[in-house]
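> give me a 3D structure for the following:
(chains A, B, C and D)
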Amino acid sequence: MTLVLDIFTVVLVAAGLLFFIVGTVGLLRLPDPLARLHALTKADNIGLGLLVLGLVPQAVVAGGGLEAVKMVAIWLLVQLSSGAVSQLMGDVAYHAAMTADPAAPDRSAHGEEPAP
Amino acid sequence: MSLLLDAILALLVLAAAVRVAAGGDGFARVVAFMGVGLLLGLIWVRLAAVDVALTEVAVGSGITGLVLLQAAADAPLTREREVGLLYHLCAGMVGLVVFAALAVVVLLLPDPAPSLAPDVVRALPATDLGNPVTGVLLVFRALDTLLETMVLLVALIGVWSLSPDRHWRRAPAPLWPAPPSGALDFLARVLVPIGALVGIYMFWAGADVPGGAFQGGAVLAAMALMAMMAGLSPVPAIGGAGLRLAVLAGPFAFLGVGIAGWFLAGAFLDYPEGFEKTVIIAVEVAITVSIAVTLALLVLGPPMGRKA
Amino acid sequence: MSAPVLFGLLGAALSAVGVYGLMVGRDALARILAFNLLGGGVFLVFGAVARRGAGAGFAADPVPQALVITGIVVAFSATALAVALLKRLAALRARPGAAPAKVAGAQAEGTKGRVQPGGDA
Amino acid sequence: MSGAVLFASADALLVVAVILPLFAVPVLFLAPSRIAERATVVVLGLSLLVALAIAGGVGRSGAAAASFIGGWRPPLGVGLRADGFSAFMLVMTAAVLLATGLFAMTTPGRSRAGGERMPPAFWMLLASVFSALNLVFLAEDLFTLYVALELLTFAAVPLVCLEGKLAQVEAALRYLLFALFGSLLYLLGVVVIYGLYGTLDIILVAREATASPGFVLALALMTAGMMAKAALFPLHLWLPPAHSGAPPAASALLSAVVIKAPIFLLVRFWLDLAPSTLAVAVAPMLAGLGAAAIVVCSLVALAQPRLKLLIAYSTAAQIGYLFLMFPLAAASSPWSALAWTGGALHLASHAFSKAAMFMAAGLIAEALGHDRIAGLSGVGRVVPVSLFAFGLGGLSLMGLPPAGGFVAKVMLLSAAVHLGAWWIAAVILLGGLLAGGYVLKVVVLALQRPAEPLVAQPVAHWREWVALALALVAVGFGFVPLEPSHFLFIGRPASWAGMVP
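Just a heads-up that it's a prediction; the model follows:
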């Protein structure tokens, strides 16, 4: 039984790490902020999700349910904050790209004029 | 094996630190610095200092990072001075000397290490606290902690003093100049209540397990700032009596308890016997409130010309 | 080598980077960052000392831990004050009247005393 | 013993000295500024009484007073201790700060609109500086001293830029960064000491300390930190813009007392904490830097075009004398007691004369609307009392009789001559000549007949009298007997023996 659990953990954690590696390579290699964000969010969401999923059985065996609940809570919080922050950063990057390009569409609609 | 992981952690910190010191874009440096802070938090856990780890991540990396980001955004990079190659070499030599001397000292520290841990163990039962770090902060070295709350207060006065006198009752500028976006609003609505709960728990649990007034106060301050950034609550004017009382509550409740100790227990900052824990928790409540408010106000900066 | 020694050496290295940065920093932000690195290094050396002092049932000497917490909060206050000064400086420099000649004259005005802060607009 | 009795005991007064000034802060935070201003001055006056009571207690009992916070003895707890030298510093600081508070008060009848009032922040920062300084003089715990130094820094730096001008904010930021650098170097030394001895109490460390490499490094770091804070040459560059840019009342307290805190601590570290063989070996280096400070900064002061900058450079130079004291005081000879007394006397007479000179310079600038030295001719006719205060303060700096600076320098000189340190004697004499140069340059010009009629604003006379009173105290030190002071040696060498928590 433990062997099955261990194999399960190893496979999922390895898969999670793969996502992190891909995300990091994307962060370093992709050309513009929006594409880099795209790569990073994958690492955050799926990569961390796989890690947590892989570790939950170990936590249950070792320390009971509370540790597992904590890990899942961490994953949910990261989901929430990374999603929202990626949105914000994408927003800023998009407007910055628009501002830099004189042929950009009307930007007053986005309201990125800095407040006085 | 764990030493290998520790070594990797140390190398990561060093690389990020070199990135911080290397110069270039202000934002990149600040972000690298926040990375240093987060990694240092991990190192503090590895050093079995969880209270410090929480403080480092919440205050040393988080709130400090927020302040530094503002500096990077506000102050365009001005090359105030150009330093020559010779000066660089001299500074490098000084750095090397500092490193070498400290490294020798670290390697030659006496063995067995002198420690106050046994003294703390002997004295801790008298305080009725379970967390030795809280015991040191609020009992054995209460004077330092009292003064630390004063330091925060004086720093706030110093920051406010940068504004003209006539602005002393107005509000600081908002942190986030653009109108709030939907994503931030959503994040704040969900995260602020959870974070506030975590902050209160950190302070409450601090008597017996890692956590305490400083860590809890920092989390509460961060949540208040997030609510303001998302536009859920306005930036408060600094003239309000409630706000000012909240700033004063911690240091002066602490001072009051200290003076009461003279009459009830026979020494300044001594706690009456049998009520140690009750009084300590009460002081911590006041300190937590003040720290939360003061940290948030320090991040917001001096009041500007805008009326709240 | 043990973990406390390793992290103690890291603290020494961070301190050295901080001292170097404080000496050569070209702008105020660089020096504020270097100050924070130096602080982190100093605290880390203290953490190594604390870990070495484990005993009497504690995994680390609690006294240095408490002092480091105090130190981190004090360092934050310092950073906040420095950044407030930096931002004020940037705002003053951005003003149209802040030509160098006027700056030189500010000192004489300053000695008049009793002027409202910021009243030189 | 009941709490009420404890409260009034000499030991409890040490705590009162630290916390009393802090009570001015909430009043200022919540009350209208006119009331708050007066409340602060009342608190300053009470604090002077507390300092005098401590000094009286120490003098009467002939032993140091001590207090243990929360009843916890070192090494776990924090001890406050007042020996003769601490009590001397407490009284000096309290007197200068009370005078500063009186000087900064709003003239009755003048409105706020006239720009006559100091902002509320000034009073809060003044009270905080006071508390921090008292703690520096009393705390025996190395980490408590760190917190006290930071409190002092955060209170002192904003004083520089209360008027919010560009040059002042620049000076304040530079001052802050230097001070923070100094604090962290100091803290690094403290960390090393804790790693070596597992305690932070100065007395307990001193009992165990040997000249091991680690301890030498710790002392070197702490000394470097204090030198940056004390603006000892070549780390002095932050001082002149900061001290000359501040409002006069703030300049006075920064130059007179704030700068003395790190010097006091250096004395503690090298004469109380370090093994005496080590102190004897290192002291000449400190004295060498002091000598360089005296010569270089005095020459730079001579070349200054503005009065306040001249006085600020003079501070950077005068600090040097206090470092000249180290090799003389560290030597084990009967003469070292005289050198030690001379150093302390110089410290006090410089505090009073420098405060008087900055206030006088502020009043001169207020009357003329500028402080260019070239434009000062004839100012003696406009503000004679201020000029007299400036001249008396300058007399003390030059070391001419009957001023306090004279007696201090005679003590240092005789100790130097008897200990065979001829180069120190030579520097003391040269420094006096240079000080004479820059003080007389101003005074002679001010006494001349003005080339064209001076247009001057009226200044508040009572503020001139405050400056003069300070200068007279500096002169009054000239009448102390020319012998080692018994009071300064009360409670030395330091020990906790016989102190009950």
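
> residue of chain B nearest chain C, please.
residue B:115 (3.1 Å; Cβ to the nearest Cβ). To be clear about C-beta, it is placed using only N, CA and C from the backbone, and glycine gets the same treatment.

> assign a three-state SS to that residue, would you?
coil (DSSP: H, G, I helix; E, B strand; the rest coil).

> go on, residue D:66?
Once three-state DSSP is applied, residue D:66 turns out strand.

> what pairs with it across the strands?
For residue D:66, the beta-bridge partners under DSSP bridges are residue D:81.

> contacts only, for it.
By Cβ atoms under 8 Å, 6 or more residues apart in numbering or on different chains, the residues touching residue D:66 are D:11, D:14, D:79-82, D:496, D:499.

> surely residue D:382 and residue D:454 touch.
Yes. Counting by Cβ atoms under 8 Å, residue D:382 does reach residue D:454; the two are 5.8 Å apart.

> give me the common contacts of those two.
Common neighbours of residue D:382 and residue D:454, using Cβ under 8 Å, 6+ apart, are residue D:368.

> of these two, who's got more company?
Between residue D:382 and residue D:454, counting by other Cβ atoms under 10 Å in any protein chain shown, residue D:382 is the more crowded of the two (21 against 15).

> give me the buried positions along the helix ranked longest in chain D.
When chain D is parsed with DSSP state H, its longest helix is helix D:334-368. Of the residues in helix D:334-368, D:335-368 count as buried by neighbour count, 16 or more other Cβ atoms under 10 Å in any protein chain shown.

> run through the helices of chain A in chain order.
Using DSSP H, the helices of chain A run over residues A:2-29, A:33-42, A:48-63, A:65-100.

> and residue C:20, which of those helices is closest to it?
Set against residue C:20 and scored by Cβ to Cβ, the helices of chain A come closest in helix A:2-29, at 27.4 Å.

> show me the contacts for the most centrally placed residue in chain A.
Nearest to the mean C-alpha position of chain A, counting by Cα atoms, centre = their mean, stands residue A:44 at 2.2 Å. Contacts for residue A:44 (Cβ under 8 Å, 6+ apart) come out as A:23, A:78-79, A:82.

> dump the helices of chain A to TSV, plus mean neighbour count.
Formatted as TSV, the helices of chain A follow (neighbours: other Cβ atoms under 10 Å in any protein chain shown):
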stretch	mean neighbour count
helix A:2-29	14
helix A:33-42	17
helix A:48-63	17
helix A:65-100	15
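
> ok, which of those helices comes nearest chain C?
Using Cβ to the nearest Cβ, the nearest of the helices of chain A to chain C is helix A:48-63, at 18.5 Å.

> I'd like the average pLDDT over the closest one.
The average pLDDT for helix A:48-63 rounds to 88.

> equivalent analysis for stretch B:44-51, please.
pLDDT averaged over stretch B:44-51 gives 94.

> how about that stretch and chain D, touching?
No. Applying Cβ under 8 Å from any Cβ of the partner chain, one finds stretch B:44-51 separated from chain D by no less than 13.8 Å.

> please look at residue D:391 and residue D:443 and confirm they touch.
Yes. With contact defined as Cβ under 8 Å, residue D:391 counts as touching residue D:443 (5.1 Å).

> more neighbours: these two, which one.
Neighbours were counted for residue D:391 and for residue D:443 using other Cβ under 10 Å; residue D:391 has more, 20 against 17.

> need the contact list for the more buried one.
For residue D:391, the contacting residues are D:439, D:443, by Cβ under 8 Å, 6+ apart.

> can you give me the buried ones in the host helix or strand of it?
Using DSSP states H and E, residue D:391 sits within helix D:384-398. Of all the residues in helix D:384-398, those buried under the rule 16+ other Cβ under 10 Å are D:385-398.

> I'd like the residues you listed as TSV, with pLDDT appended.
Listed next are those as TSV, based on pLDDT from 0 to 100:
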residue	pLDDT
D:385	91
D:386	91
D:387	91
D:388	92
D:389	93
D:390	93
D:391	92
D:392	92
D:393	91
D:394	91
D:395	90
D:396	89
D:397	88
D:398	88
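
> pLDDT wise, what is the nearest residue to residue D:411 once chain neighbours are set aside at?
Spatially, and ignoring its direct neighbours in sequence, residue D:411 is nearest to residue D:342 (2.9 Å; Cβ to Cβ, 6 or more residues apart in numbering or on different chains). At residue D:342, the model reports a pLDDT of 91.

> so what's residue D:342 up against?
Residue D:342 neighbours (Cβ under 8 Å, 6+ apart): D:325, D:407-412, D:415.

> how near is the closest residue to residue B:50 other than its chain neighbours to residue B:106?
Using Cβ to Cβ, 6+ apart and skipping residues adjacent in sequence, the residue nearest residue B:50 is residue B:210, 3.9 Å away. Residue B:210 is 25 Å from residue B:106, where distance means Cβ to Cβ, to the nearest Å.

> residue ranges with poor pLDDT in the stretch 151-300 of chain B?
Along the stretch 151-300 of chain B, the model assigns pLDDT under 70 to residues B:177-180.

> which residues of it lie near chain C?
Within the stretch 151-300 of chain B, the positions near chain C by Cβ under 8 Å from any Cβ are B:151-152, B:155, B:158-159, B:161-166, B:212, B:214, B:295, B:298-299.

> related to what we said a few turns ago, out of the helices of chain A, nearest to chain B?
The nearest among these, by Cβ to the nearest Cβ, is helix A:65-100 at 3.5 Å.

> report the angle between the axes of the longest helix of chain D and helix D:384-398?
Relative orientation of helix D:334-368 and helix D:384-398, computed by axes from the mean of the first three to the mean of the last three Cα atoms, to 10 degrees: 150 degrees.

> quick one: furthest residue from the center of chain D?
The outermost residue of chain D, judged against the average C-alpha position, is residue D:452 (39.4 Å), by Cα atoms, centre = their mean.

> tell me who's in contact with residue 93.
Chain wasn't specified; assuming chain A. Contacts of residue A:93 by Cβ under 8 Å, 6+ apart are A:32-34, A:37.

> actually, chain D is the one I wanted.
D:51, D:130, D:133-134, D:137, D:257, D:260, D:351.

> and the angle from the helix or strand encompassing it to helix D:334-368?
Residue D:93 belongs to helix D:84-104 when assigned by DSSP H and E. Using the same axes, to 10 degrees, one finds that helix D:84-104 and helix D:334-368 are set 10 degrees apart in direction.

> any idea which helix or strand comes after helix D:84-104?
helix D:120-138.
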